[in-house]
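Q: what follows is a predicted structure for the sequence shown.
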Amino acid sequence: FVADPAKAAAWYAKAAAQGQVKAQHNLAALLHDGLGVPRDAAASLDWYRRAAAQGSAKSAQRLGTMYFQGDGVARDLVEAYAWLRPAAAVRSTGAARRLDQLAPQLSEAERARAEALGLRGDVGVGSRAERVLVITAGLVLAPWGVLPWAIVLLTVTAWLTVVQRVLHVRKQLLGGNPRV
């Protein structure tokens, strides 16, 4: 991970205290693993939450995984689901895979409770219906050269959707979610 974890932890701590998202995530990882600093699950959890509050899908995914596995926290599948959903919404394949593992273990009521925690990442201009419509139009009009433009439009809307979802989740987390 790093050549001198103790020095890295010191630098990450300074940058994390100033709100640097990557530093917050990396400091949380060092605290979680006890690299260069004593292992501290509570501090790790706090730094992951701070980074997730600023839109770090990696931190939200890590939180979801910690709750899923009971790693440094009490195992809580509802909390895991609540953290993994926004990470998966910004196309984190690891979070999506973990959600696939988790979903069959939750009842409808538990999923509803997780969703009621307030984190939603299902916003954006590029929803599934719009993507299907653009692909269909591009294929139907392909003989007239529309397909390359449809692909460009899909690419642009996909990136816009990712940005919208990250900002939406960040806004929810900074807006007083009790888990942050």
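A: Structure received.

Q: pull out the buried residues from the helix or strand of the chain with the lowest mean pLDDT.
A: Between all helices and strands in the chain, the lowest mean by mean pLDDT, DSSP states H and E belongs to helix 108-116, at a mean of 75. Neighbour counts using 16 or more other C-beta atoms under 10 Å place 111, 114 of helix 108-116 among the buried residues. C-betas here are computed from N, CA, C, even on glycine.

Q: could you give the mean pLDDT of the very next helix or strand once past that helix?
A: Under the assignment DSSP states H and E, the closest C-terminal helix or strand after helix 108-116 is helix 128-140. Here helix 128-140 scores 85 as its mean pLDDT.

Q: who touches helix 128-140?
A: Residues external to helix 128-140 that are found in contact with it (C-beta atoms under 8 Å, 6 or more residues apart in numbering): 146-147, 149-151, 153-154, 157.

Q: let me know the closest of those to residue 35.
A: residue 157 (40.3 Å; C-beta to C-beta).

Q: that closest one against residue 150, yeah?
A: No: applying C-beta atoms under 8 Å, one finds residue 157 not in contact with residue 150, separated by 10.5 Å.

Q: the closest residue to residue 79 other than its chain neighbours: neighbouring residues, count only.
A: Closest residue in space to residue 79, ignoring its immediate chain neighbours: residue 67 at 4.3 Å, by C-beta to C-beta, 6 or more residues apart in numbering. If you count neighbours by other C-beta atoms under 10 Å, residue 67 ends up with 24.

Q: which residues touch residue 67?
A: Counting by C-beta under 8 Å, 6+ apart, residue 67 touches 73, 75-77, 79-80, 83.

Q: in what helix or strand does it lie?
A: Assigning secondary structure by DSSP H and E places residue 67 in helix 57-69.

Q: what is the mean pLDDT for that helix?
A: What helix 57-69 shows for mean pLDDT is 90.
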